[in-house]
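> no sequence on this one, just coordinates:
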């Protein structure tokens, strides 16, 4: 019996020795191995709860695709512009139905002590950009602490400063941008806006995200792009893309769009090669427009909003008059055709995100030499291009826009000027078309006023430009919508009517068109949005005679109409 006990003790000792050796060997061979590292440092999801289920799926997938972060930095718009700071944070605990999320006190204190953000918890009480996301964060990142940040309008310089501060205080954190994309637009237009947003996300174009992307928080997205660039995770993986108008099967309603995705290691995703555009008709800020809105011309767009032109590479109208530094006479007589505008109108053009205007019309010289000088200098100071002129068509006065792999030139010509020849711009078209990436849109001022059909002279001019290489013709001046034509598979929209005007003497002069679309390597896709002015205020037509206008307008393009869940487009392939 004693022998058995001694042997058993030896056996136990042997097992212990082997265990120690094994543990030592494991430590020796594994001690230099690194712990798992995060492969994803930035993501974007919507806070719109219409797509809460899709958001949960994406965040669940995100949690499975990377190491659980110690801290999540959650970025959101400051929807109600509360508080004092441009960038705000809070060190509060978050009590949720599925548990509690604690703040990362060290990071919050670092940001506030270094004047990178202000600690203003009251601003977060009803901020759905934050609290709509917290339940999912607790479900899929249960151990993570939180650093919430909400943004008003913030400069790129200040975003760079807080990005550097976060790199110093929370370098391994996961940044989630809680943003919704296009707002309030018909589904087709919101999709076009999202094309540019997606391009900027794929290319990490921080500057264009702040200026050109139609989103509820450009600063949140801009900071996200800075963060992932500094973590060498530049490959944007699009996980989902939804549109509330399509979800509701009603493309005319005011929509919200949602882009879901994250950034991984790897090369950038190559964006679609395209250049997008939006054209509006005649804008006049004199007579009754000045009388009613002269104190603040933005009020003329109460029913239109600031977002329609926002989110395209080229956003263009015909500016039917001249900007002057002289006092503006309050003259509302209908026979007053001297259209002189206050310098204040440029604030409204910028408010609308218009980045180019045509001066190729019969009123752009109404303030004489001083007006010409003032018009160009004021537009230039506000980064608004101008093209064409009243009395001559200077081929050098064009507007150019850089897209992704495709560029756009817009040229204007005033054919109401006596003796003006359509042929004068043909050599410039031929020269521009030597560049295979260049697309050309001509915006002529032509035709007979208040007549809904074009003239043979208009046809002849348009055909000459298209024969030389023009890719689209969009006309102005008649103050009403005119008919359309397809020539050599190039659309001609002879007149898009008024955009902002005081001509209330007929229904037709209170209607107009917006023409929006994009050129791609495969061709041209575009669509029209009818507008109607009520009490001098333009607004998008969503019901009523909208379809009647579009059915007539699209008739020459019937072989190229394409129904989509967002609405009908004209798609003309090369």
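Perfect, thanks for sending it. Worth saying up front: this structure is predicted, and the values here are computed from it rather than measured. Residues are numbered from 1 along each chain as shown.
> quick one, phi/psi of residue 226?
Backbone torsions for residue 226, taken as degrees, to the nearest 10, come to phi -60, psi -40.
> how about the helix or strand containing residue 562: buried residues?
Taking DSSP states H and E as the definition, one finds residue 562 inside strand 561-564. When neighbours are counted by 16 or more other CB atoms under 10 Å, no buried residue of strand 561-564 is found. Using the backbone N, CA and C atoms, a C-beta is placed for each residue, glycine as well.
> swap in stretch 121-137?
Of the residues in stretch 121-137, those buried by neighbour count under the rule 16+ other CB under 10 Å are 123, 124, 127, 129, 130, 131, 132, 133, 134, 135, 136, 137.
> Pull up the pairing partners for the helix or strand hosting residue 572, direction included.
In this structure, residue 572 sits in strand 567-573 according to DSSP H and E. For strand 567-573, sheet partners with direction are given as strand 523-534 (antiparallel), strand 561-564 (antiparallel), following DSSP bridges.
> Out of those strands, which gets nearest to residue 95?
Across the strands paired with strand 567-573, the minimum distance to residue 95, taken as CB to CB, is reached by strand 561-564, at 44.2 Å.
> Distance from the closest one to the middle of the chain?
On the basis of CA atoms, centre = their mean, to the nearest Å, the separation between the geometric centre of strand 561-564 and that of its chain is 23 Å.
> just stretch 459-469 next, same as before
Taking the mean of its C-alpha atoms, stretch 459-469 sits 32 Å from the chain's own mean (CA atoms, centre = their mean).
> quick one: contacts of it?
Counting contacts by CB atoms under 8 Å, 6 or more residues apart in numbering, the residues outside stretch 459-469 that touch it are 415, 422-423, 425-426, 429-430, 432-433, 440, 442, 444, 446, 473, 485, 487-488, 490, 492, 494.
> Show the buried residues in those residues.
Applying a neighbour-count criterion of 16+ other CB under 10 Å, the buried members of those are 415, 422, 425-426, 429, 432-433, 440, 442, 444, 446, 473, 485, 487, 490, 492, 494.
> in a helix, that's where residue 370 is, yeah?
Yes - secondary structure of residue 370, determined by DSSP: H, G, I helix; E, B strand; the rest coil: located in a helix.
> That one touches residue 340, doesn't it?
No - distance between residue 370 and residue 340: 10.0 Å, which falls outside the contact criterion (CB atoms under 8 Å).
> which one of those two has more residues nearby?
Neighbour tally, residue 370 and residue 340, criterion other CB atoms under 10 Å: the higher count belongs to residue 340, 22 against 13.
> any idea how far that one lies from residue 562?
Distance of residue 340 to residue 562, given as CB to CB, to the nearest Å: 44 Å.
> Now residue 52: which helix or strand?
Per DSSP H and E: residue 52 is located in helix 52-65.
> helices and strands of this protein: which one bottoms out on pLDDT?
Within the chain, no helix or strand scores below helix 2-30, which has a mean of 46 by mean pLDDT, DSSP states H and E.
> Count residues in the vicinity of the residue nearest to residue 360 when sequence neighbours are not counted, would you?
For residue 360, ignoring the flanking residues on the chain, the nearest one in space by CB to CB, 6 or more residues apart in numbering is residue 388 at 2.6 Å. Residues within reach of residue 388, counting by other CB under 10 Å, total 27.
> who's in contact with residue 388?
358-361, 364, 394, 397, 411-414, 443, 445.
> try 10 Å
Listed by CB atoms under 10 Å, 6 or more residues apart in numbering, the contact partners of residue 388 are 318, 357-361, 364, 394, 397-399, 410-414, 425, 442-445.
> same thing with residue 78?
When the contact criterion is CB under 10 Å, 6+ apart, the partners of residue 78 are 85-88, 120, 123-124, 127, 129-130, 149-154, 217, 219-220.
> Kindly state the beta-bridge partners for the residue nearest to it when sequence neighbours are not counted.
The spatially closest residue to residue 78, leaving aside those adjacent along the chain, is residue 150, at 4.2 Å (CB to CB, 6+ apart). Counting by DSSP bridges, residue 150 is bridged to residue 76, residue 88.
> Please work out how many residues are found near residue 150.
Applying the criterion other CB under 10 Å, we find 31 residues in the vicinity of residue 150.
> my read: it touches residue 122, true?
No - contact criterion CB atoms under 10 Å: residue 150 and residue 122 do not qualify, at 11.6 Å.
> Show me the common contact partners of the two, please.
In contact with both residue 150 and residue 122: 82, 83, 88, 90, using CB under 10 Å, 6+ apart.
> Doesn't residue 72 lie inside a strand?
Yes - assessed by three-state DSSP, residue 72 belongs to a strand.
> so it touches residue 102, yeah?
No - taking contact to mean CB under 10 Å, the distance of 11.5 Å between residue 72 and residue 102 leaves them out of contact.
> Looking at those two, which one has more neighbours?
With neighbours defined as other CB under 10 Å, residue 72 and residue 102 compare such that residue 72 has more, 23 against 13.
> coming back round to it: what about the helix holding residue 52, distance to the chain center?
Computed by CA atoms, centre = their mean, the chain-centroid distance of helix 52-65 equals 25 Å.
> And stretch 80-98, by the same measure?
27 Å.
> Counting neighbours, which bits of it end up buried?
In stretch 80-98, the ones that count as buried by 16+ other CB under 10 Å are 82, 83, 85, 86, 87, 88, 89, 90, 91, 92, 94.
> mind giving me CSV with those and columns for secondary structure, distance to residue 48 and pLDDT?
Output for the buried residues of stretch 80-98, formatted as CSV (DSSP: H, G, I helix; E, B strand; the rest coil; distance: CB to CB, whole Å; pLDDT from 0 to 100):
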residue, secondary structure, distance to residue 48, pLDDT
82, coil, 20, 98
83, coil, 23, 98
85, coil, 25, 98
86, coil, 24, 98
87, strand, 23, 98
88, strand, 21, 98
89, strand, 23, 98
90, coil, 22, 98
91, coil, 27, 97
92, coil, 24, 97
94, strand, 20, 97
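> Quick check: the farthest pair among those residues?
Between any two of these, the greatest separation by CB to CB is 22.9 Å, found for 86 and 94.
> what residues do residue 370 and residue 340 have in common as contacts?
Counting by CB under 10 Å, 6+ apart, the residues touching both residue 370 and residue 340 are 322, 323, 324, 326.
> is it possible to export the residues you listed to TSV including distance to residue 553, neighbour count and secondary structure?
Below are those laid out as TSV (distance: CB to CB, whole Å; neighbours: other CB atoms under 10 Å; DSSP: H, G, I helix; E, B strand; the rest coil):
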residue	distance to residue 553	neighbour count	secondary structure
322	31	24	strand
323	32	27	strand
324	36	21	coil
326	40	12	coil
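> From the residues you listed, pick the one nearest residue 57.
Using CB to CB, residue 323 is the member of the shared contacts of residue 370 and residue 340 that sits closest to residue 57, with 51.8 Å.
> Distance check, the closest one against residue 359.
Taken as CB to CB, the spacing of residue 323 relative to residue 359 amounts to 10 Å.
> so what sits against both of the two?
In contact with both residue 323 and residue 359: 372, 375, 376, 379, using CB under 10 Å, 6+ apart.
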